[in-house]
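S.K.: Give me a model of this one.
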Amino acid sequence: MLHLAIAIGLVLGLVVGLTASATGNELLLAIANGSAPFGAVFMNAIKMVVIPLIVSVIFTSIARLGDPRKLGRIGGQALAYYWLTLIPGIAIGMATMMFGLQFVGEITMPQTAAAEVPELQGFVAFLVSLVPSNPFAAASKGTLLPLIVFTALFAAATGTLAEERRERLISIADVASEALIKLVWWILYLAPIGVFGLTAPVTAKLGWGLVLSLGVFIICVFVGLVIFLVLVTLPLVYFVAGIGPIRYLKGTFGAVSVAVATTSTAAAIPVSLEESKTNLGVSKPIADLLIPLGASMHRPGSALFQGAAVVFLAHLY
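M.R.: Below is the predicted model of the structure:
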């Protein structure tokens, strides 16, 4: 029921924002712009919980494994899956955009001020950045990967301690994660209002003009995501995990609705943890380890988007 309410909040936000932009109605504009603080509070509340939740669940799952070799085997398989699924994501994004652009004429984009492009991080610099000099600073900046590396190493070291000491630390982290998940659900009860406050002001500001100009891009990315889901995700879920498409789609609807409404993978982590265990039967240690890791590294949808964006921008220029 909550997930349906979130979807309704998203649709209402889009309708109010676009209608306000198209008609210029002062009341609708006031509602759209006035709802922005609710969206900001909702996102701040989610971010407030995500970092400590990730640390506690990853620590618990790795420390319970005990044997560091198990961590290496599970983590290695997961990383291989994460990286291999990026390749079809990029290819599908580029292919759908190349196909869709054949059916449109000249695209007129609104004029915007030039932005300074930051220098791309090199591979060696990326590897160095994975080991944080200060894990608390990494947490305050919201950089998940270095924080996950520190947590994984700390948990692996904990797993080698004597059983009594190990269980003492695991028990503390386990109780903390349960309390944080409870807090997340309290926050999600306000999600319909928060999602409305995220979508209505943005769509009212952008308006129909930009939406229509980007229409082919939006459609191609959406079609590409559907193709990726049908050709890559669902077959892997069925043949590897033995979970049928209907069960998988119903079992992940809540996490998907939160991710779409907030445009934040991290915001969907708490719901993903809950749904993977209750709806899909994933064991607690595996879910607690791989879902936060996947939220940081497994971005095939983003890879598809980037592939489509490269082709789209090349077409414009």
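S.K.: okay, CA-based contacts and neighbour counts for the rest of this
M.R.: Fine.
S.K.: Look up phi and psi at Leu130.
M.R.: Dihedral pair for Leu130: phi -70, psi -20, per degrees, to the nearest 10.
S.K.: Correct me if wrong: it contacts Leu144.
M.R.: No - here Leu130 lies out of contact with Leu144, judged by C-alpha atoms under 8 Å, at a distance of 9.5 Å.
S.K.: what's the longest helix in this structure?
M.R.: helix 68-100 (DSSP state H).
S.K.: Val271: what's it in contact with?
M.R.: Gly254, Ala255 (C-alpha atoms under 8 Å, 6 or more residues apart in numbering).
S.K.: How much space separates it from Tyr238?
M.R.: Going from Val271 to Tyr238 by C-alpha to C-alpha, to the nearest Å gives 22 Å.
S.K.: likewise Ala303?
M.R.: Ala303 is 23 Å from Tyr238, by C-alpha to C-alpha.
S.K.: who's more crowded, these two?
M.R.: Ala303 (21 against 13; other C-alpha atoms under 10 Å).
S.K.: Would you mark the buried spots in stretch 79-89?
M.R.: Judged by neighbour count (16 or more other C-alpha atoms under 10 Å), stretch 79-89 contains these buried residues: Tyr82, Thr85, Leu86, Pro88, Gly89.
S.K.: ok, and the closest non-adjacent residue to the second one?
M.R.: Distances taken as C-alpha to C-alpha, 6 or more residues apart in numbering put Pro300 closest to Thr85, at 6.3 Å, once the chain neighbours are dropped.
S.K.: and the one you found, how many neighbours?
M.R.: 21.
S.K.: so it sits right up against Tyr81, yeah?
M.R.: No - judged on C-alpha under 8 Å, Pro300 makes no contact with Tyr81 at a distance of 10.6 Å.
S.K.: pLDDT on the longest helix of the chain, on average?
M.R.: Average pLDDT, helix 68-100: 86.
S.K.: Going by contacts, tell me the helices and strands next to it.
M.R.: On a contact count with 3 or more C-alpha pairs under 8 Å, 6 or more residues apart in numbering; DSSP states H and E, helix 68-100 meets helix 215-228, helix 284-297, helix 300-316.
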